[in-house]
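A.B. asks: got a predicted structure plus its sequence, pasted below:
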Amino acid sequence: MTLKMLGLSKGCLGAATAAFLALGALPALGAGGADDLIVRLRLSGESSALAPLRACVVEKLSQQPDVKVATAPTDGARFVIDIVASKDTGEAVSASLVVVQTFPMEAFRPRIKEGEDATALLKSIQFYTLLRLHEVVPAQANDALCTRIVTDIRDKVLMQEFTERAD
């Protein structure tokens, strides 16, 4: 089959080949690229409830495309997820979930009034936060609690974030 039979010219084929090669040179989504969304996970509460909950939440959130989970302070974290867990006398675990969105200082432009010390103001502001989600999750088995937390974060925070990025 010739290019003429396909309705393509050499120039068109060359442009298509160049575009394809350029796309192939880009990092694949989810492959640790610069566009990864970093979330910082902080847990507190009853120690017997924390270890399995941390492992489950980290595992399930890390399976989301383009999401990296950090459990220690990390530069570039876009969301901070605070979970406070408590265990009742049985195996049921309750949790309070708070997700805040952080904005790096370079993306936040505060207005400085005339006469104010701009340097002192900028040094005092580290980042701006916006509450994205606050929820109390009632007593459930650990796996069910983990699934509910990850589903809420995915549906109410991450989906909105990726929709905003696509706009």
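C.D. replies: It's in. Residues are numbered from 1 along each chain as shown.
A.B. asks: what ranges do the strands span in the protein?
C.D. replies: 37-45, 67-70, 77-87, 93-103, 128-140 (DSSP state E).
A.B. asks: pLDDT on the longest one, on average?
C.D. replies: In this model, strand 128-140 has a mean pLDDT of 84.
A.B. asks: just stretch 40-59 next, same as before
C.D. replies: Averaging pLDDT along stretch 40-59 gives 93.
A.B. asks: could we number from 13 for the rest of this?
C.D. replies: Right, with 13 as the first residue, what we last looked at is stretch 52-71.
A.B. asks: what's in contact with that stretch?
C.D. replies: 73, 81-86, 89, 91-99, 105, 107, 154-155, 157-158, 161-162 (C-beta atoms under 8 Å, 6 or more residues apart in numbering). In this view, the C-beta of every residue, glycine as well, is placed from N, C-alpha and C.
A.B. asks: hmm, try it at 7 Å
C.D. replies: 81-83, 86, 89, 92-99, 105, 154-155, 157-158, 161-162 (C-beta atoms under 7 Å, 6 or more residues apart in numbering).
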